[in-house]
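J.: coords below, sequence missing:
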């Protein structure tokens, strides 16, 4: 991508809907449901990779023995709802990369960074040292290769939305990365402003 991207002010509401399947509930409730879903994958012997965006989701997955075993990449900014949060799982990762991504934007350098990290196949922690990680779910989903041999899932936390035309409860969004989701993400990105 040759441009930085940002959400137009008059289209913010278009970015609140979950990208894929929302498991609604508290952290404790949702992590149990995710674990139940992926227990079946573990038993099937399928190769599964997890890509995680967000500190709370990363912390919960890294604290869960089963879910931790699938993690390839975590993107965090060490903040949750503007409060500082520290993860103590750095020894799990093979590489830690610091990156800047201004709030409400997608840094044009993120595409190459994510492509390189995924290609490296190293367990990677990307720390956003300035800005926020939220929108990086979009280039992440586009950079994950589609394969018949591997199931790739991206996860992020869904904050509760109460100011739209309908209420969206809090929870975890599971994005099953396939061609359909990548087309949906391309449509979302086409709404964004280049700068």
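T.: Arrived safely, thanks for sending. Model, not experiment: these values are computed from the prediction. Numbering: from 1, shown residues only.
J.: What is the subsequent helix or strand relative to the helix or strand bottoming out on mean pLDDT in the chain?
T.: Every helix and strand of the chain was ranked by mean pLDDT, DSSP states H and E. The lowest is strand 83-84, at a mean of 70. Using DSSP states H and E, the next helix or strand after strand 83-84 towards the C-terminus is strand 95-101.
J.: List of residues touching the next helix-or-strand element following that next one?
T.: Under the assignment DSSP H and E, the closest C-terminal helix or strand after strand 95-101 is strand 105-106. The contact list for strand 105-106 (C-beta atoms under 8 Å, 6 or more residues apart in numbering) reads 1, 4-6, 131, 135-136, 138-139, 189, 192. All C-beta atoms are positioned from the backbone trio N, CA, C, and that covers glycine.
J.: what's the average pLDDT for stretch 11-26?
T.: With pLDDT averaged residue by residue, stretch 11-26 scores 90.
J.: To clarify, my last question referred to stretch 136-153.
T.: In this model, stretch 136-153 carries a mean pLDDT of 96.
J.: Now do it: distance to the chain's middle.
T.: Distance of stretch 136-153 from the chain centroid (C-alpha atoms, centre = their mean, to the nearest Å) equals 11 Å.
J.: Going by length in residues, pull out the top helix of the chain.
T.: Taking DSSP state H as the criterion, the chain has its longest helix at helix 27-44.
J.: give me the number of residues near residue 60?
T.: Neighbour count for residue 60, taken as other C-beta atoms under 10 Å: 21.
J.: Now do the phi/psi pair for it.
T.: When read as degrees, to the nearest 10, the backbone of residue 60 gives phi -70, psi -40.
J.: and the residue lying closest to it once chain neighbours are set aside, how many neighbours?
T.: Counting by C-beta to C-beta, 6 or more residues apart in numbering, residue 60 lies nearest to residue 31, which is 5.0 Å off, once chain neighbours are set aside. For residue 31, the count of nearby residues is 19 (other C-beta under 10 Å).
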